[in-house]
Structure formats: structure tokens, C-alpha cells
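Trainee: pasting the sequence and the predicted coordinates here, then a few questions.
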Amino acid sequence: MKISAQDHGPISVLTVSGEFTAEDVDHFQRVFSERTSNGAQHILLDCEHLEFVDSAGLEAWLLARDDIGASGGQFRVVALDENVTKILEITRLSKAIEAHITLESAVRSVR
């Protein structure tokens, strides 16, 4: 998995691509921690180029959601492809992790 970050005031957009598997969790958590330590209050995970997420990746998303939520922030996933959407539905996490079709919609939802 590749991951990059862009900060926009209190919002940090993490862009992920490829496959998010157990071996990527530590890298994701490091980037997430860096962003929140640098003042990000909300995390938007841009998944436009994400092809797959396994159970460890989903768990990392839930931990990130809980961590940012504990300080009053929001965690959103954006632009999920059909495969990742189906994974969220099958695991019933589509109710636990808020997803948006566009980045603009996700930004509006945290303001």
C-alpha cells in the first residue's frame, strides 16, 4: 500500500492506494499518529485507488476512528470502489465507518 498525506487546516487527507493488508497497518498507524500529533482534528481517508482491505486494515480504520473520535474529531472514508464497499457491507462495518462518494462531501460532513 502507498499512503500520502495532505493537511488542510484541521483536516488531514490520507490517500491510500493498492492493497491495505496486515503488513501495512504499522505504516498507516505511524502516518495517522504523525497527522494527529501535528494538529489534524479530522482524518479523511481517500480510497479512490484502494483495491482491497483485509480484516487487519479494517481494524486499523476502526482504531483510527475511535482515536480521533475520543478528541472530538471525525474519521471518514472516501471514494470506495465496489470491492471495498462490498467488504464493508459483508462485515457490517458500513454502519460503523462513515463513507462518502466525494472528498467535498466528506469535508462538508466534518465542518
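Mentor: Happy to help now that I have it. Numbering: from 1, shown residues only.

Trainee: drop to CA atoms for contacts and neighbour counts, all remaining ones
Mentor: Fine.

Trainee: quick one, longest helix in this structure?
Mentor: Using DSSP state H to assign secondary structure, the helix with the most residues in the chain is helix 55-70.

Trainee: centre of the chain to the helix or strand just after that one, how far?
Mentor: Using DSSP states H and E, the helix or strand that directly follows helix 55-70 along the chain is strand 75-78. The gap between the average C-alpha position of strand 75-78 and the chain average comes to 5 Å, counting by C-alpha atoms, centre = their mean, to the nearest Å.

Trainee: partner strands of strand 75-78, with direction?
Mentor: strand 42-53 (parallel), strand 99-100 (parallel) (DSSP bridges).

Trainee: OK, contacts around the most centrally placed residue in the chain?
Mentor: Relative to the mean C-alpha position of the chain, the nearest C-alpha, by C-alpha atoms, centre = their mean, is the one of Leu45, at 3.3 Å. When the contact criterion is C-alpha atoms under 8 Å, 6 or more residues apart in numbering, the partners of Leu45 are 13-16, 75-78.

Trainee: name the nearest of these relative to Asp54.
Mentor: Val16 (13.8 Å; C-alpha to C-alpha).

Trainee: who's in contact with stretch 86-96?
Mentor: Against stretch 86-96 from outside (C-alpha under 8 Å, 6+ apart): 53, 62, 85.

Trainee: backbone phi and psi for the residue sitting furthest away from the middle of the chain, please?
Mentor: What lies farthest from the middle of the chain is Ile90; by C-alpha atoms, centre = their mean that is 18.1 Å. Torsion angles at Ile90 (phi, psi; degrees, to the nearest 10) stand at phi -60, psi -40.
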